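1. sequence? don't have it. structure:
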């Protein structure tokens, strides 16, 4: 079950600057990413205990955390994100290796700020995907095939999964906001 775009987030800014965001993602080196191979550990563990990127299936490049820039990040993408309307809880470039999947799970990013009265809404802006194999995001049983340039919005408390059956990485810009701050 995907959500409509919130009225108080300027989603068109992401669409209008897609090529800038995609280029920045493509210019990252393999070592710029952190291994996020255990979905159950959550973002807090990744930030405290980054793992090796060797043979990683799922990797992230932190851009923003707790409504602020990740330390040392100089990024046109972050400049764009900061203009969206509301500062996000977090933002990362995320990539999933070829022939990989992330099992069905729910997230609790609101725990990062101890916001127990809300859930978190995520955007996935698809930056990279294979033409030779299906890549999909499944939320609440609803499946969307990922195409470059697509933006998908969903509540992370709804069970969701992703898979990549192609020979290239599946790459997205992932942005999270507290749902209580959004207007639908």
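-> Received the coordinates, thanks. These numbers come from a predicted model, not from an experiment.

2. Which secondary structure element of the protein has the lowest mean pLDDT?
-> helix 42-48 (a mean of 44; mean pLDDT, DSSP states H and E).

3. Could you give the separation of the top helix by length along the chain from the chain centroid?
-> The residue-count maximum for a helix in the chain (DSSP state H) belongs to helix 18-26. Computed by CA atoms, centre = their mean, to the nearest Å, the separation of helix 18-26 from the middle of its chain amounts to 14 Å.

4. I'd like to know which elements it is packed against.
-> Here helix 18-26 touches helix 76-81, strand 120-128, strand 170-178, going by 3 or more CB pairs under 8 Å, 6 or more residues apart in numbering; DSSP states H and E. (Each C-beta comes from the backbone N, C-alpha and C, glycine too.)

5. Give me the angle between that helix and strand 120-128.
-> Calculated by axes from the mean of the first three to the mean of the last three CA atoms, to 10 degrees, helix 18-26 forms an angle of 80 degrees with strand 120-128.

6. Please point out which parts of helix 18-26 sit buried.
-> By neighbour count on 16 or more other CB atoms under 10 Å, the buried set for helix 18-26 is 18, 21, 22, 24, 25.

7. pLDDT on the helix or strand just after it, on average?
-> Next helix or strand after helix 18-26 toward the C-terminus (DSSP states H and E): strand 34-35. Across strand 34-35, the average pLDDT comes to 79.

8. returning to what we had before: residue 144: which of the helices and strands packed on helix 18-26 is closest?
-> With CB to CB as the measure, strand 120-128 is the member of the helices and strands packed on helix 18-26 nearest residue 144 (9.2 Å).

9. What are the contacting residues of the helix or strand following the closest one?
-> On the C-terminal side of strand 120-128, the closest following helix or strand by DSSP H and E is strand 135-139. Applying CB atoms under 8 Å, 6 or more residues apart in numbering, the external contacts of strand 135-139 come out as 1-2, 96, 104, 124, 129, 143-146, 152, 154, 158-166, 170.

10. Could you turn the buried ones of the residues you listed into a PyMOL selection?
-> Here is the PyMOL command that picks out the buried ones among these, judged by 16+ other CB under 10 Å:
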select buried, resi 96+124+129+144+146+152+154+158+160+162+163+164+166+170
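
11. if you look at the contacts of strand 135-139, which of them are in strands?
-> Among the contacts of strand 135-139, the members falling in strands (DSSP state E) are 96, 104, 124, 143-145, 152, 154, 160-164, 170.

12. Export these as a markdown table, with columns for pLDDT and distance to residue 34.
-> Shown next, in a markdown table, are those (pLDDT from 0 to 100; distance: CB to CB, whole Å):
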| residue | pLDDT | distance to residue 34 |
| --- | --- | --- |
| 96 | 91 | 14 |
| 104 | 89 | 23 |
| 124 | 98 | 18 |
| 143 | 98 | 28 |
| 144 | 97 | 26 |
| 145 | 96 | 27 |
| 152 | 98 | 23 |
| 154 | 98 | 23 |
| 160 | 94 | 21 |
| 161 | 92 | 21 |
| 162 | 92 | 18 |
| 163 | 92 | 21 |
| 164 | 93 | 18 |
| 170 | 95 | 17 |
